[in-house]
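Asker: Model the following, please.
(chains A and B)
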Amino acid sequence: EPEVTQTPSHQVTQMGQEVILRCVPISNHLYFYWYRQILGQKVEFLVSFYNNEISEKSEIFDDQFSVERPDGSNFTLKIRSTKLEDSAMYFCASSEGGIIYTFGSGTRLTVV
Amino acid sequence: GQQVMQIPQYQHVQEGEDFTTYCNSSTTLSNIQWYKQRPGGHPVFLIQLVKSGEVKKQKRLTFQFGEAKKNSSLHITATQTTDVGTYFCAAEYGNKLVFGAGTILRVKS
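Answerer: Numbering: from 1, shown residues only, chains lettered A, B, ... in the order given. Below is the predicted model:
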């Protein structure tokens, strides 16, 4: 069964450092997303991406965040200057058109 | 607003007992989806409900969408230890899913 692949599985970074989280969505999917889940809390929407541009973003997705699809397969989330409160699981997801969202296994980001 | 309320927050049942989680929205939903997240895992799609009053079954799981398309429920009959995890409902708004807070299910064997 097709999978969404995320790397790394765990990233530890110093506060103020930049991190890039990587995702390889399912190849024939057109819509890409980033969500995050702070430990013990619900899954929160960050951003959706379609046709090489952001289609929607949440209040969480401020100027510190950016997304990119640098080639035909990767989809990245960059956090420019990490804060302690950015510590969370970050899930990438993709869909053909909003029917079934397939989530990756996540990157656990720990900011120290 | 774009939020989905989900209850209960937590349920601890004896193996073999039934389990139900409920979701409510103040607005009419175009559809609602259900996901399961195992401890330490990622959300896994279970089902999507689209039609008013729709009922779908997957083995011991029964999913319902209210007549007004503002509420939904997931019912598990005769829980097993493999059912443990967090069950989330999620509503689609435009280009995103908005998740409920989730119901954590623990099963005592």
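Asker: where does the chain have low pLDDT?
Answerer: Picked chain A for this. A:98-99 (pLDDT under 70).
Asker: I was after chain B.
Answerer: Ranges of chain B meeting pLDDT under 70: B:1.
Asker: longest strand anywhere in it?
Answerer: For chain B, the longest strand by residue count, based on DSSP state E, is strand B:85-93.
Asker: Can that one be said to contact chain A?
Answerer: Yes. Interface with chain A: strand B:85-93 contributes B:88, B:90, B:92 (Cβ under 8 Å from any Cβ of the partner chain). No exception for glycine: its C-beta is placed from N, CA and C like everyone else's.
Asker: Tell me the one of these nearest residue B:69?
Answerer: residue B:92 (11.9 Å; Cβ to Cβ).
Asker: what's the neighbour count on that closest one?
Answerer: Each residue near residue B:92 was counted by other Cβ atoms under 10 Å in any protein chain shown, and the total is 19.
Asker: Strand partners (parallel or antiparallel) of the longest strand of chain B?
Answerer: Strand B:85-93 sits in its sheet next to strand B:32-37 (antiparallel), strand B:96-99 (antiparallel), strand B:103-108 (antiparallel), going by DSSP bridges.
Asker: Just give me how far it sits from the chain centre.
Answerer: 6 Å (Cα atoms, centre = their mean, to the nearest Å).
Asker: What residues sit buried inside that strand?
Answerer: B:85, B:86, B:87, B:88, B:89, B:90, B:91, B:92, B:93 (16 or more other Cβ atoms under 10 Å in any protein chain shown).
Asker: One more: stretch A:55-70?
Answerer: Using 16+ other Cβ under 10 Å as the test for burial, stretch A:55-70 gives A:56, A:57, A:58, A:60, A:61, A:65, A:67, A:69.
Asker: Could you tell me which residues of chain A lie near chain B?
Answerer: Residues of chain A lying near chain B (Cβ under 8 Å from any Cβ): A:31, A:33, A:35, A:41-45, A:48, A:50, A:55-56, A:58, A:89, A:91, A:98-106.
Asker: What's opposite residue A:49 in the beta bridge?
Answerer: residue A:32, residue A:54.
Asker: returning to what we had before: and the residues of strand B:85-93 next to chain A, which is closest to residue B:52?
Answerer: residue B:92 (15.7 Å).
Asker: Nearest residue to residue B:6 in space, please, no chain neighbours.
Answerer: Of all residues not flanking residue B:6 in the chain, residue B:100 sits nearest, at 3.1 Å (Cβ to Cβ, 6 or more residues apart in numbering or on different chains).
Asker: quick revisit: out of the buried residues of stretch A:55-70, which one sits closest to residue A:16?
Answerer: residue A:65 (15.1 Å).
Asker: What are the boundaries of the strands in chain B?
Answerer: B:5-7, B:10-14, B:19-24, B:32-37, B:44-49, B:55-58, B:61-65, B:71-76, B:85-93, B:96-99, B:103-108.
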